[in-house]
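Engineer: Fold the stuff below for me.
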Amino acid sequence: QGQLVESGGGLAQPGGSLTLSCAASGFLFSNAAMSWARQAPGQALEWVSGIVSDGSDGYYDDSVKGRFTISRDNAKNMLYLQMNDLKPEDTARYYCAAEYTAYQITGRDYKYRGQGTQVTVSS
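Structural biologist: So this is what the prediction gives:
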């Protein structure tokens, strides 16, 4: 059974930066496309970014394009999300998720999902 553990969340000021990490285990990480999704209180889960299995292509929701960067290290079974120029509307619980295939990012159907890490952007 796959397991995903997120870390790196916290409190940041508007305009600040945070880097989220996700440690994967229990499945063949290098064969899975991966995504980050977030959920604000009272809101539905929202896809943020995805990356294909070999890291060659990354995709972003328009709300974070140009500010967030997704990356992965298959040798370490790690997924990352570098978040810059944070805004109060980025406040949410962020989840790491494994897609079912290597190169298709559905942004909604996940094979595995972690417990999340809280990001709060406030002055």
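Engineer: wait, what's in contact with the most centrally placed residue in the chain?
Structural biologist: Nearest residue to the geometric centre of the chain (Cα atoms, centre = their mean): W36, 2.3 Å. Contact analysis of W36 by Cβ atoms under 8 Å, 6 or more residues apart in numbering lists 20, 22, 47-50, 70, 79, 81, 94-97. Where C-beta positions appear, they are placed from N, C-alpha and C, glycine not excepted.
Engineer: what does S30 give?
Structural biologist: S30 touches 53-54, 74, counting by Cβ under 8 Å, 6+ apart.
Engineer: Mind doing that once more with 7 Å?
Structural biologist: Contact analysis of S30 by Cβ atoms under 7 Å, 6 or more residues apart in numbering lists 53, 74.
Engineer: That one belongs to a strand, doesn't it?
Structural biologist: No - S30 sits outside any strand when classified using DSSP: H, G, I helix; E, B strand; the rest coil, being helix.
Engineer: Can you report phi and psi for G9?
Structural biologist: G9 adopts backbone torsions of phi -70, psi 170, taken as degrees, to the nearest 10.
Engineer: The closest residue to it other than its chain neighbours and Y95, how far apart?
Structural biologist: Among residues not flanking G9 along the chain, T117 sits closest, at 3.4 Å (Cβ to Cβ, 6 or more residues apart in numbering). From T117 across to Y95, the span is 8 Å (Cβ to Cβ, to the nearest Å).
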